[in-house]
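Undergrad: Kindly generate the corresponding structure for this input.
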Amino acid sequence: MKPVAIIGAGITGLTAAFYLKRKGIPVTLYEASGRVGGVIQSLRQEGYLAEFGPNTILETSPKISQLVRDVGLDERRVDPDPKAEARYVVRYQRPIPMPGSPLGFFTTKLFTAKAKLAVLREPFVPARRDGQEESIAEFVVRRLGREFLDQAIDALVAGVYAGDPYRLSVTQAFPKLAQLEARYGSLIKGQILGARERKRRGEVAKDRAPKFSFDEGLQVLPDTLRKRLGEAVRLNTAVTRISQTDTGWTLDLRERGEERRAEHSGVIYAGTAFRLAEMKLETQTPLSLAPFSEIRYPPVASVVLGFRREDVRHHCQGFGMLMGTIFSSSLFPNRAPAGHLTLTSYIGGERYPELAGLPPDKLVALTFEDVRVLFGVTVKPTFQHSVFYPKAIPQYNVGYGRYRELMTEIEGKAPGLFLAGHYRDGVSLSDSIVSGCNVAERVENHLRERRNGSVEGWNPGMIRHDTVPSSRSSGIVP
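TA: The predicted model follows:
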């Protein structure tokens, strides 16, 4: 059997390759850069362990813990400090904890009495039935009031998508909220009544899902997957063209400056939407990938600062600030030398893209000024490092559904070509892992159908409209 080609060695591509190989299906994983893991980047330096992409994995699905076991990383898994659950938002120029219970909500100073009454009225707000797509901002204001948007959801959107709540689609970016309203008529009712169904499916709501990492950071997972895949991983190899043939697929490759071709039984594209738009695709039914260039990917810079514990007045216990700073060394052990702490901040995004591209020294200065004011830092950091992501997170803005419909259409008209990853199945690290698991299952089923179909005169050039599960999960800063 010719190998299945997987394009992109982020966590989706690595996961898919691992499970296909485990099933005895040969694979070749192509990665244009010289490393695996995509936005996952962990750095151990001067006693600090810095994470520049995501900081945690959310265990929202049994498939995530299964992957950890299957690759042999159970003993290297690290769970967070139980005290590191508090999340903060800025109001009155200081960090205020987000309430974590109904009692906490009614006693918090984060919301005014008017805002609390608006939330109490939510179960009686009529559900929208006209079918019009709303932004998350429009949805929240309608059901919970503007103050709840400004003081809670705005920060959440910044933390998850680095996005703009007035652009992000509630049905595409936060589908569970739209589903709760559609099914139960209320978010509060839906949270209560839907808990039983999630338990039956083995799923956990993102706000309640256990978080974890590894002893040397999240980079442990992609590095381990690469070792398990061995020579199947081809770094510094760009795919420039995907061509459908009567017997499968041909890829045009540029490997370390040399051009060559490779034959494959199927193709998984697990890269970014903007690279997909640049890909040359030749299929028996003409298809265009150009529309994917319209998907927005705002820039984000990640800045990690280390301080002596005694030089920071705030206790920095908890997860961190929803709108941009994580208390990294409070989350997991051995993230900072004894007597020190680390703060990881994210700058830029859809609303402040110009800030993400500042020179490293200015990024550090800007970040330091913010943490000085918010956390009472009195001296310069003892450690500093930053990473710039020019195109960080796909924005599931209003109208994004047409891109997902196009992905399903492409797969239906080009059997054997599969699209997976954060531009389709959710932007969190956990979403990407589940996407890799699911696409591996779809490829296995396709190859089985192809074998059976060939006995019955299956025509590889036929147009077939497969039923492809439409994932609507949401979730760089879990």
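Undergrad: make it CA atoms for all contacts and neighbour counts henceforth
TA: Will do.
Undergrad: okay, Leu447: pLDDT?
TA: Looking at Leu447, its pLDDT is 96.
Undergrad: can you check Ser101 too?
TA: 82.
Undergrad: can you count the residues close to it?
TA: Around Ser101 there are 9 other residues, counting by other Cα atoms under 10 Å.
Undergrad: just Pro126 next, same as before
TA: By other Cα under 10 Å, 12 other residues sit near Pro126.
Undergrad: quick one: it is in a strand?
TA: No: using DSSP: H, G, I helix; E, B strand; the rest coil, the secondary structure at Pro126 is coil, not a strand.
Undergrad: Distance check, it against Asp154.
TA: According to Cα to Cα, to the nearest Å, Pro126 and Asp154 sit 23 Å apart.
Undergrad: what does Val4 give?
TA: Using Cα to Cα, we find Val4 at a distance of 42 Å from Asp154.
Undergrad: which one of the two has more residues nearby?
TA: More neighbours surround Val4 than the other of Val4 and Asp154, with 27 against 22 (other Cα under 10 Å).
Undergrad: Specify the beta-bridge partners of that one.
TA: Beta bridges link Val4 to Val27, Gly266, judged by DSSP bridges.
Undergrad: Tell me if I'm right that it and Tyr269 touch.
TA: No: the criterion here is Cα atoms under 8 Å, and Val4 misses it with Tyr269 at 10.8 Å.
Undergrad: Would you double-check that Glu181 falls in a helix?
TA: Yes: assessed by three-state DSSP, Glu181 belongs to a helix.
Undergrad: Could you list the domains of the protein?
TA: 4-38+220-295+396-455, 111-201 (automatic domain parsing).
Undergrad: worst average pLDDT in the ones you listed?
TA: Among the domains of the chain, domain 111-201 has the lowest mean pLDDT, at a mean of 91.
Undergrad: hang on, the earlier thing: out of the domains of the chain, which is the most enclosed?
TA: domain 4-38+220-295+396-455 (a mean of 20; mean count of other Cα atoms under 10 Å).
Undergrad: what packs against the strand or helix carrying Arg451?
TA: For Arg451, the element it lies in under DSSP states H and E is helix 429-455. Counting contacts by 3 or more Cα pairs under 8 Å, 6 or more residues apart in numbering; DSSP states H and E, helix 429-455 packs against helix 11-22, strand 57-58, helix 62-70, helix 422-425.
Undergrad: From the contact counts, what lies against the shortest one?
TA: Packing partners of strand 57-58 (3+ Cα pairs under 8 Å, 6+ apart): strand 211-214, helix 429-455.
Undergrad: about what we covered before: angle of the helix holding Arg451 against helix 11-22?
TA: With axes from the mean of the first three to the mean of the last three Cα atoms, to 10 degrees defining the directions, helix 429-455 sits at 40 degrees from helix 11-22.
Undergrad: quick one, helix 429-455 and helix 62-70 angle?
TA: Using the same axes, to 10 degrees, helix 429-455 lies at 90 degrees relative to helix 62-70.
Undergrad: Quick one, which of the helices and strands packed on strand 57-58 gets closest to Arg69.
TA: Arg69 sits nearest to strand 211-214 of all the helices and strands packed on strand 57-58, at 12.7 Å, using Cα to Cα.
Undergrad: so how far is the closest one off the chain centroid?
TA: When C-alpha coordinates are averaged (Cα atoms, centre = their mean, to the nearest Å), strand 211-214 and its chain have centres 15 Å apart.
Undergrad: Columns distance to Lys391 on top of the helices and strands packed on helix 429-455, output as TSV?
TA: Output for the helices and strands packed on helix 429-455, formatted as TSV (distance: least, Cα to Cα, whole Å):
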stretch	distance to Lys391
helix 11-22	17
strand 57-58	21
helix 62-70	26
helix 422-425	12
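Undergrad: what about the ones you listed, which gets the closest to Tyr346?
TA: strand 57-58 (17.4 Å).
Undergrad: Just checking: what are the partner strands of the closest one?
TA: Strand 57-58 sits in its sheet next to strand 211-214 (antiparallel), going by DSSP bridges.
Undergrad: Just the CA coordinates for the partner strand, please, in PDB.
TA: In PDB, the C-alpha atoms belonging to strand 211-214 read as follows (Å, rounded to 0.1, in the frame of the first residue of the first chain):
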ATOM      1  CA  LYS A 211      -5.800  20.900  32.700                       C
ATOM      2  CA  PHE A 212      -2.400  19.300  32.400                       C
ATOM      3  CA  SER A 213       1.000  19.700  30.900                       C
ATOM      4  CA  PHE A 214       4.300  17.700  31.000                       C
END
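Undergrad: from here on, count from 39
TA: Okay, residue one is now 39; in that scheme the one you just asked about reads as strand 249-252.
Undergrad: After that strand, which helix or strand is next? Please name it.
TA: Using DSSP H and E, the first helix or strand after strand 249-252 is helix 258-267.
Undergrad: Return that next one as CSV; C-alpha atoms alone will do.
TA: Extracted as CSV, the C-alpha positions of helix 258-267 are listed here (Å, rounded to 0.1, in the frame of the first residue of the first chain):
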residue,chain,number,x,y,z
VAL,A,258,7.2,16.9,25.2
LEU,A,259,4.1,15.7,23.3
PRO,A,260,5.1,16.6,19.7
ASP,A,261,8.7,15.6,20.3
THR,A,262,7.5,12.2,21.6
LEU,A,263,5.2,11.7,18.7
ARG,A,264,8.0,12.5,16.3
LYS,A,265,10.2,9.9,17.9
ARG,A,266,7.4,7.3,17.6
LEU,A,267,7.0,8.1,13.9
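Undergrad: Just the angle for it relative to helix 100-108, thanks.
TA: 60 degrees.
Undergrad: name the helices or strands packed onto the helix or strand following helix 258-267?
TA: Per DSSP H and E, the first helix or strand lying C-terminal to helix 258-267 is strand 271-272. Applying 3+ Cα pairs under 8 Å, 6+ apart, one finds that strand 271-272 contacts strand 65-68.
Undergrad: Name the strands paired with the following helix or strand past the strand it packs on and say parallel or antiparallel.
TA: Next helix or strand after strand 65-68 toward the C-terminus (DSSP H and E): strand 80-83. Strand 80-83 has the following strand partners under DSSP bridges: strand 86-89 (antiparallel).
Undergrad: Check what contacts the partner strand and list those residues.
TA: 78-82, 254-256, 342, 344, 372-375, 380, 382, 421 (Cα atoms under 8 Å, 6 or more residues apart in numbering).
Undergrad: Over to stretch 47-57?
TA: So stretch 47-57 is contacted by 44-45, 65-69, 74-77, 260, 263-264, 266-267, 306-309, 458-459, 467, 470-478 (Cα under 8 Å, 6+ apart).
Undergrad: ok, now stretch 153-160?
TA: Under the contact criterion Cα under 8 Å, 6+ apart, stretch 153-160 has outside partners Phe143, Phe144, Arg181, Leu182, Gly183, Glu185, Phe186, Ser224, Leu225, Ile226.
Undergrad: Format the CA atom coordinates belonging to it as CSV.
TA: Taking Å, rounded to 0.1, in the frame of the first residue of the first chain, the C-alpha atoms of stretch 153-160 are listed here in CSV:
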residue,chain,number,x,y,z
ALA,A,153,-25.5,43.3,35.7
LYS,A,154,-26.4,40.6,38.3
LEU,A,155,-30.1,41.2,37.8
ALA,A,156,-29.6,40.9,34.0
VAL,A,157,-28.1,37.5,34.5
LEU,A,158,-31.0,36.4,36.8
ARG,A,159,-33.4,37.4,34.0
GLU,A,160,-31.6,35.3,31.4
